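Participant: Pasting a predicted model and its sequence here:
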Amino acid sequence: MKVVIIGGVAGGATAAARIRRLDEKAEIVVFERSGYISYANCGLPYYVGDVITDKDELTLQSPAGFKRRFNIDVKIRHEVTAIDKANKTVKVKNLESGEEFEESYDKLVLAPGAKPFVPDIPGAYSEKIFSVRTVEDTFAIKKYIQKKQPKSAVVIGGGFVGVEMAENLSALGIKVTLAEAAKQLLSPFDGDMAAFIHAEVRRHGINLLLGKGVKGFAEKEGMLEVYIDGEKTLRTDMAIMAVGVTPETSLAEKAGLELGLRKSIAVNERMETSAKDIYAVGDAVQVKNFVTGEYFLAALAGPANKQARIAADNICGIKSEYKGAQGSSVVKVFDITAASTGINERTAEKSGIKYDKVILSPMSHAGYYPGGKVMTVKVLFEKESFRLLGAQIVGYDGVDKRIDVFATAARAGLDARELKDIDLAYAPPYSSAKDPVNMAGFMIDNVANGTLKQWFVEDEKNLPRDGSVTLLDTRTPGEYKRGHVKDFINIPVDELRGRLDEIEKDKPVYVICQSGLRSYIASRILEGNGYTAYNFAGGFRFYDAVMNDKALIEKEFPCGMDR
């Protein structure tokens, strides 16, 4: 059996190695357009920022190493230009010599990845504008920085690569502007959770422009001018285009393979394309969302590697199926960590899923052990069925640990209430006896049995201010004085039982505190005395972060707060 693989990074290299482990006699040929194989895409921004200082660390394997260990022929700087399905051949061009030739195959694997999206705007191809896809791209950025010593840079795009590039350029002492056309960074997160990410980016001196699309570029007097919606012209030394990626499927399209979402390659659960003996994996393919069942694009290394293994299994006669992706991700944003799995509110609404949510602010480990820090956790679940839909966490220590538990629970099909039952490791330096994951489960269980009624940040603007409801802040007078939601009265939770006569019993009570715990206790006191009480999800720290972020984005003062 002869297998030809187009693309030698995550998906292609993994498929090649897996096929060899399953079939010692197979002839395997990998064609890679760039000069490197099996390189760490996700590490490229950190090489720019000198976190990774040895460029050789970016390449996990070399063609010679692949040959020695796996007996696989890897041809770098070779581009496959056409596929002949009928005759089972591919046309290949040697990019260094210009030579063209044909290569036959019994099985073909497409792993071309995705290419940076370059908007059709004036000046987008200036030599001062860079993309970040390959090792060569990264070396070009590094060389430019070392030679030109830029003092400023504009990063266009607020996805993972854009945020990581902004951080790493800033670490070099470069003044960075980060512009994103949407009103938030990192689209896997909901806007309320992204508020904490925005605050961290601003805290480190990044000029953050949200809801601002780039209209064009021009080189003038040795500088690059960047034209942005509603902003003065930015003059900068360089720019990074990180506005997203699109599947690299021109080869598949020319070959007449069936395409799917955004011209991605359509595959079945065995990673087979519409053509016999042709498989496809990685960023170029559409996959099923494990939560919604709908097709989406998951340009992530984890899914690419799993898909490659499954394609290799089927090529070698082992029945193997890809069950879909949850889009689990984690990203370092200066001093914080942000992670998500499953779907967010926007996706749930788009998919017509009726959902509920809990928001909590637990410590990363036991509060009495030094060094614990608050994290913000948001968990979505389906109403009635309580199916776990997704989770988002922003914090410091332990974020990655908890998101992996949520991802595993969702994959295993646990009822969201069962999060309270998961037996997790505990010691004071690492967690609490009631882990944040368990706490989320306790809250969801309380929602299910009616012990917890909630209101959310988006409800604040619609709360009646005509006296028909009671608006209650249960923090200390000092906390209340430093900032509170407009029209909320202050009765500390520890004084509440003795001051119930100040609250009219026939009116619903909307309660808030700093993190949600004291207001929950207050809600239970009120319910136990015949009131109907609603607890604010996330607490005032959450409300404050969201409203301040909204004000900065919209350049207006938060009208819902008294200060």
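Facilitator: That came in fine, so what should we check first?
Participant: can we go C-alpha only for contacts and neighbour counts from here?
Facilitator: OK.
Participant: what residue ranges in the stretch 101-250 of the chain score low on pLDDT?
Facilitator: The stretch 101-250 of the chain contains no residues with pLDDT under 70.
Participant: swap in the chain?
Facilitator: In the chain (pLDDT under 70), the answer is 556-563.
Participant: Quick check: the gap between the residue sitting furthest away from the middle of the chain and residue 468.
Facilitator: In terms of distance from the mean C-alpha position of the chain, residue 501 ranks first, at 48.4 Å (Cα atoms, centre = their mean). Look at residue 501 and residue 468: by Cα to Cα, to the nearest Å, they are 17 Å apart.
Participant: Same question for residue 1.
Facilitator: Taking Cα to Cα, one finds residue 1 at 77 Å from residue 468.
Participant: repeat for residue 243
Facilitator: To residue 468, residue 243 is 48 Å away according to Cα to Cα.
Participant: Equivalent analysis for residue 91, please.
Facilitator: 75 Å.
Participant: do residue 281 as well
Facilitator: Counting by Cα to Cα, the gap from residue 281 to residue 468 is 58 Å.
Participant: higher neighbour count, the two?
Facilitator: Counted by other Cα atoms under 10 Å, residue 281 and residue 468 do not tie: residue 281 has more neighbours, with 32 against 13.
Participant: Pretty sure that one sits against residue 312.
Facilitator: No - the criterion here is Cα atoms under 8 Å, and residue 281 misses it with residue 312 at 10.2 Å.
Participant: hey, what's the nearest residue to residue 73 once chain neighbours are set aside bridged with?
Facilitator: Counting by Cα to Cα, 6 or more residues apart in numbering, residue 73 lies nearest to residue 29, which is 4.9 Å off, once chain neighbours are set aside. Beta-bridge pairing of residue 29 under DSSP bridges involves residue 4, residue 73.
Participant: these two touch, right, residue 29 and residue 1?
Facilitator: No - using Cα under 8 Å, residue 29 is not in contact with residue 1; the gap is 11.3 Å.
Participant: More neighbours: the two, which one.
Facilitator: residue 29 (19 against 12).
Participant: Spit out the contact partners of the more buried one.
Facilitator: Residue 29 is in contact with 2, 3, 4, 5, 72, 73, 74, 75, counting by Cα atoms under 8 Å, 6 or more residues apart in numbering.
Participant: and these, which two are the farthest apart?
Facilitator: 2 and 75 (15.3 Å; Cα to Cα).
Participant: Which one's more surrounded, those two?
Facilitator: Between residue 2 and residue 75, residue 75 has the larger neighbour count (other Cα under 10 Å), namely 20 against 13.
Participant: Settle this for me: the more buried one is touching residue 31, isn't it.
Facilitator: Yes - counting by Cα under 8 Å, residue 31 is a contact partner of residue 75 at 5.0 Å.
Participant: ok, the residue nearest to residue 431 when sequence neighbours are not counted - how many residues close by?
Facilitator: Excluding its sequence neighbours, the residue lying closest to residue 431 (Cα to Cα, 6+ apart) is residue 365, at 3.7 Å. For residue 365, the neighbour count with other Cα under 10 Å is 25.
Participant: Can I take it that residue 365 is in a helix?
Facilitator: No - secondary structure of residue 365 (DSSP: H, G, I helix; E, B strand; the rest coil): coil, not part of a helix.
Participant: Next one: it from residue 517, what distance?
Facilitator: The value you get for residue 365 to residue 517, if Cα to Cα is used, is 17 Å.
Participant: Same check on residue 443?
Facilitator: With Cα to Cα as the criterion, residue 443 and residue 517 are 11 Å apart.
Participant: now the contacts of residue 29 in TSV, with distance to residue 325?
Facilitator: Compiled in TSV, these are given as follows (distance: Cα to Cα, whole Å):
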residue	distance to residue 325
2	30
3	26
4	26
5	23
72	29
73	31
74	29
75	31
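Participant: Pull out the buried members of the residues you listed.
Facilitator: 3, 4, 5, 72, 73, 74, 75 (16 or more other Cα atoms under 10 Å).
Participant: Over to residue 392: give its phi and psi.
Facilitator: Here the main-chain torsion angles of residue 392 (degrees, to the nearest 10) amount to phi -140, psi 140.
Participant: for it, which residues make a bridge with it?
Facilitator: residue 340, residue 378.
Participant: Equivalent analysis for residue 225, please.
Facilitator: The partner residues for residue 225, given DSSP bridges, come to residue 218, residue 235.
Participant: Quick one: end-to-end length of stretch 186-197, please.
Facilitator: OK, stretch 186-197 end separation, Cα to Cα: 9 Å.
Participant: Please state the offset of that stretch from the chain centre?
Facilitator: 9 Å (Cα atoms, centre = their mean, to the nearest Å).
Participant: Kindly report the same for stretch 476-495.
Facilitator: 36 Å.
Participant: could you measure the residue nearest to residue 73 against residue 10, distance?
Facilitator: 16 Å.
Participant: Kindly report the same for residue 102.
Facilitator: On the measure of Cα to Cα, residue 102 and residue 10 end up 25 Å apart.
Participant: So for the two, which residue has more residues nearby?
Facilitator: Using other Cα under 10 Å, the more surrounded residue of residue 102 and residue 10 is residue 10, with 27 against 14.
Participant: Report the contact partners of the more buried one.
Facilitator: 38, 39, 282, 301, 304, 305.
Participant: so which of these would you say is closest to residue 86?
Facilitator: residue 282 (24.6 Å).
Participant: Just to check, that closest one is in contact with residue 303?
Facilitator: Yes - if you go by Cα under 8 Å, residue 282 and residue 303 touch, sitting 6.9 Å apart.
Participant: Comparing those two, which residue is more hemmed in?
Facilitator: Using other Cα under 10 Å, the more surrounded residue of residue 282 and residue 303 is residue 282, with 32 against 23.
Participant: excluding its backbone neighbours, what's nearest that one?
Facilitator: Nearest one to residue 282, counting by Cα to Cα, 6+ apart, is residue 304 at 4.0 Å.
Participant: Is the one you found within a helix or a strand, and which one?
Facilitator: helix 301-315 (DSSP states H and E).
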